[in-house]
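> model this:
(3 chains)
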Amino acid sequence: MRRSWIWPAAWGALLALSSAGLWGYTALSSSGAESCRVSVCIGKPWLAPALLTASAAGAVLLGCAILLLREGRATGAAADSPAGPAVALTAVGAVVAAAGGAVGIWMTWVGIGVAAVGLAGILAARRRPR
Amino acid sequence: MTTAAVEPRAGERAPLGALSTDHKAVAIRLGWLCGAFFLAGGVLALLVRSELAVPGMQIVSHQGYDQLFTMHGSTMVYLVVQPLAVALGVYLVPLQIGAANLIAPRTALFAVWILAGGGALMYLGFLTHDGAGSAGWTAFLPLSSDRFVQGSGMDMWIVGVALANLAVIILAAVVLLTILLRRAPGMTMLRLSPFCWTQVVTCLMVVFAFPAVIAAMGLVYADRHFGAHVDPIWYLQLFWYYGHPAVYVMFFPFVGCVAEVIPALSRKRFFGYRPFVLSLMVFTTLSMSVWGHHLFTTGRSANEYFAATSTALAIVAGVEYFDLIATMWGGSLLLRTPLLFAVAFLLQFLIGGLTGVIVASPPLDYSLNDTYFVVAHFHYTLFAGSMFGLFAGVYFWFPKVTGVQLREGLGQIHFWLLVAGTNLTFMPMFVLGYDGMVRRVADYPSDAGFTGMNELATAGSGVIAASMLVFLANVAVSLRWRRAAGDDPWEGHSLEWATTSPPPPGNFDRLPPIRSSTPALDLRRAGPA
Amino acid sequence: MDRPHDTAAGFSSLFHVYLGVAVAVVVLVFGAVGVAVVRFRRREGLEPSQRDSAPVAEGVYLAILAIVALGLIAATFRTEGGEDGLAARPGLEISVTAYQWSWRFAYPAAGVVVDGGAVAAARHRNPTLVVPAGTVIQFSLRSRDVLHSFFVPDMRFKRYAFPDHTNVFDLEFAKSGRMSGACAQFCGWDHAEMRFDVLVLPPARFQAWLDARERA
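You can find the predicted model right below:
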């Protein structure tokens, strides 16, 4: 039985342990309190442990997802996908769209257009018989 | 538009290699792309070192200098070492697990193009009126807001960084899922090669920590464009939540290279496989839990907790050192270039790691943070460490990827020049930092006593440049006057050595039986069928 | 610890502990690798061992590493506990404001201000922070714009200056003399020029200086 799901889940559990440690430290230490009277006073004390907890939860969820997914065949067609050029075009569109955030909204529209063409190409390539 | 070279190498099958979805082609394109960015980042470093050699501004203005060090750091982290870390997995993982390709080849190709575009965008910033990004590779708020750094070059940098990190997240997710779901029959998780294990933990860190830098870039963008007055502590926490795992992402795959080179060239099985796997799991948990040490001097972070987790890193790192040295011990060592680089990695990374333990102590960090001591520390871990591990891997796997061997003589010259240059450049920086020279400064006072060490460091940077030229010459010569390498020139242990050099499109014409973590070694020992 | 806010002394004793451990580790590792490379160099008749695990040895080694790490953490906590504390009754209060690209030092009790940027004539005049020796001084540190860092290398201490938050810390300058200071957090174009001087005076002379400034 394939048990690869255990590994992301275990990593998530380790992260959860670490975040519990940080929650505990923050709750118990005076430097996390409102009435901080030392020179190191934690700003937004809940933020750091929350970040760790989020990663822990994510890793555990990934483990669950792997457990539920059926593992695919190891071997299989490895031929170059004909969608290569369409994939590249979609990526170029995405980059141009993002660059619009620095240059101007008009560029974002251009990028979306290019990416749409690329996506259409990918869909077309997938439907073509191999 | 993609500035980075995507020309196929001599002898490469597919003329349209940049559009291929075969994982090997994708990885090779990534290799060329990151190699080009590495050269650009290296030129920026040479400019920085030229400016800092002696007091006074000889080459650039203060504002120009800020762009130089920002783009040097940004290139090396976002465009070179992070992507190379996962690129190694893109090439090797399907081969080492007995799969024909990655689980999502088109997605991987998409990510490479995103990376190229993001990097190009960052560099295009140099052509704008206010220049390229200039707030450091870390771009802390409020400095990176439009109140203090104007111009579209900074915005292009922000977008470029977001794209480059998105690309790495996508690639890591694909590699991770490939390992978890596409292993050949018989390849259980506990039979994965040590390198594959480093990929598992690296990709976990990328997927579960790197989104924080995208969020951080979002905060800067919001501050610059939507008038959000972001509290700096939000940015610092988010950025470093990504930033510390990032440096481990830039370490583990390269220790993975070393973990493959040493057993093969020592004719011994990897020592302490299970402790190593366990230590990787704990090591990466810790590496997700130490980021507050970048905030010791803010006086606003949980210093004691992060000091404890950061110091604990020494324990797990120590386990890995034990296993690697014990693998060499009692072996039969072939002192060729891959092993030379692997040994240098062990010795030089140690210096980086130990100085890391020093700055993991807040009272010590109160003095050494933001000085050249830290600059030396991270160059010892990332350059004297990881890059040497990378070269060990390059010399080791070059024959598998191309079918030809790199020249050993030129390799030795490259190695020794690089050792000399690296130590000459970065060892003086420990002294500078200890003596109080702060970092990210365009200039320093002539009466501060910093000049001598800076001159040494600059000289060293020239030697590094020379060594890289020797390496490039080696690649050119080896590809032009080809010496066939055969399927398994190094007596390797893992599956990629049980197929041709280079491997065929589906990777394996016939998969050998997989009954241990060293299937190629087992196949050789079983003798001809 | 008698003078927990003498951060220079705190650094020195702790650093020597860490340096000692680091040097020992370097000698051991370089030694082991050096011996391995020479002794196990590939040659005729050298059969490699097939041993690939040693759980007991590795376990003992792990325990030793853990003990050393715990020792370092304990030493760190001891020094840090002293340095991070705030004295109930400091001898003096100084307020520091960092801004692009100089410093403002204020002595609230005496109403004295020293401001590096206020001297119109010389653009990069380094302001001087004058302090008394042997006194616990409570600093309040803030920025007017971006993040800066107040760094006195000879005191082995620095702290960030935030625009929206005041950092408070105690320092005790052990001996009279001159020191230099710098901004350690990258803050834009003239970050390299954002320096200051520190003049540590015996308490009586410091008081005289302060009184003279107050009257002026």
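> Could you list the alpha-carbon positions for the helix or strand where B:M122 lies in CSV?
Per DSSP states H and E, B:M122 falls inside helix B:105-124. Provided in CSV are the C-alpha atoms of helix B:105-124 (Å, rounded to 0.1, in the frame of the first residue of the first chain):
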residue,chain,number,x,y,z
PRO,B,105,4.9,18.8,-17.7
ARG,B,106,3.0,21.7,-19.3
THR,B,107,2.7,23.4,-15.9
ALA,B,108,6.5,23.1,-15.4
LEU,B,109,7.1,24.6,-18.8
PHE,B,110,4.7,27.4,-18.0
ALA,B,111,6.7,28.1,-14.8
VAL,B,112,10.0,28.4,-16.7
TRP,B,113,8.6,31.0,-19.0
ILE,B,114,7.1,32.9,-16.1
LEU,B,115,10.5,32.9,-14.4
ALA,B,116,12.2,34.2,-17.6
GLY,B,117,9.6,36.9,-17.9
GLY,B,118,9.9,38.0,-14.3
GLY,B,119,13.6,38.2,-14.4
ALA,B,120,13.5,40.2,-17.7
LEU,B,121,11.1,42.6,-16.1
MET,B,122,13.3,43.2,-13.1
TYR,B,123,16.3,44.0,-15.4
LEU,B,124,14.2,46.2,-17.7
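> Break chain C down into its domains, please.
Domains of chain C are assigned by automatic domain parsing as C:7-84, C:92-215.
> Quick check: end-to-end length of the last one?
Start and end residues of domain C:92-215 are separated by 19 Å (Cα to Cα, to the nearest Å).
> pLDDT of that domain, averaged?
Along domain C:92-215, the predicted confidence averages to a pLDDT of 93.
> Likewise for stretch B:497-513?
For stretch B:497-513, the per-residue pLDDT values average out at 94.
> any bit of that stretch sitting next to chain A?
Yes: interface with chain A: stretch B:497-513 contributes B:P505, B:G506, B:N507, B:F508, B:L511 (Cβ under 8 Å from any Cβ of the partner chain). For glycine as for every other residue, the C-beta is placed from the backbone atoms N, C-alpha and C.
> Can you give me the neighbour number for B:L46?
Neighbours of B:L46 under the rule other Cβ atoms under 10 Å in any protein chain shown: 17.
> again, but for B:I351
For B:I351, the number of neighbouring residues by other Cβ under 10 Å comes to 24.
> roughly how far apart are it and C:S95?
Distance, B:I351 to C:S95, by Cβ to Cβ, to the nearest Å: 41 Å.
> Chain A: which of the residues of stretch B:497-513 next to chain A is nearest?
The closest of those to chain A turns out to be B:G506 (Cβ to the nearest Cβ; 4.3 Å).
> How far off centre is the longest helix seen in chain C?
Of all the segments of type helix in chain C, defined by DSSP state H, the longest one is helix C:7-39. Relative to its chain's centre, helix C:7-39 lies at 21 Å (Cα atoms, centre = their mean, to the nearest Å).
> Contacts only, for the residue nearest the centre of chain A.
Central residue check for chain A by Cα atoms, centre = their mean: the C-alpha nearest the mean position is that of A:G58, 9.1 Å away. Residues touching A:G58, when contacts are defined by Cβ atoms under 8 Å, 6 or more residues apart in numbering or on different chains, comprise A:G12, B:V207, B:F208.
> Turn those residues into a markdown table, including neighbour count and pLDDT.
What follows is the contacts of A:G58, written out as a markdown table (neighbours: other Cβ atoms under 10 Å in any protein chain shown; pLDDT from 0 to 100):
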| residue | neighbour count | pLDDT |
| --- | --- | --- |
| A:G12 | 23 | 98 |
| B:V207 | 22 | 98 |
| B:F208 | 26 | 98 |
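> what's the pLDDT at B:L109?
The predicted local confidence for B:L109 comes out at a pLDDT of 96.
> Could you pull out the helices in chain C for me?
For chain C, the helices defined by DSSP H occupy C:7-39, C:55-84, C:203-215.
> Please convert those helices to CSV, extending it with mean neighbour count and distance to B:G409.
Written out in CSV, the entries for these read as follows (neighbours: other Cβ atoms under 10 Å in any protein chain shown; distance: least, Cβ to Cβ, whole Å):
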stretch, mean neighbour count, distance to B:G409
helix C:7-39, 16, 20
helix C:55-84, 16, 39
helix C:203-215, 13, 68
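> hmm, stretch B:252-271 touching chain C?
Yes: Stretch B:252-271 is in contact with chain C by Cβ under 8 Å from any Cβ, via B:S266, B:R267, B:K268, B:R269, B:F270, B:F271.
> quick one: which of these is nearest chain A?
For chain A, the nearest member of the residues of stretch B:252-271 next to chain C is B:F270. The distance, counting by Cβ to the nearest Cβ, is 18.7 Å.
> how close does that closest one sit to C:F157?
To C:F157, B:F270 is 45 Å away according to Cβ to Cβ.
> Could you pull up the residues touching the residue of the stretch 301-450 of chain B found nearest chain A?
As assessed by Cβ to the nearest Cβ, chain A sits closest to B:Y305 within the stretch 301-450 of chain B, at 4.4 Å. Taking Cβ under 8 Å, 6+ apart as the contact definition, B:Y305 lies against A:G21, A:L22, A:Y25, A:T26, B:G292.
> give me every residue that touches the fourth one.
Contact analysis of A:T26 by Cβ under 8 Å, 6+ apart lists A:G32, A:I42, A:P45, A:W46, A:A48, A:P49, B:A302, B:Y305.
> Buried among these? Make that a PyMOL selection.
This is the PyMOL syntax for the buried subset of the contacts of A:T26, where burial follows 16 or more other Cβ atoms under 10 Å in any protein chain shown:
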select buried, (chain A and resi 32+42+45+48+49) or (chain B and resi 302+305)
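> The longest helix of chain C vs helix C:55-84, what angle?
Between helix C:7-39 and helix C:55-84, the angle formed by their directions is 160 degrees, by axes from the mean of the first three to the mean of the last three Cα atoms, to 10 degrees.
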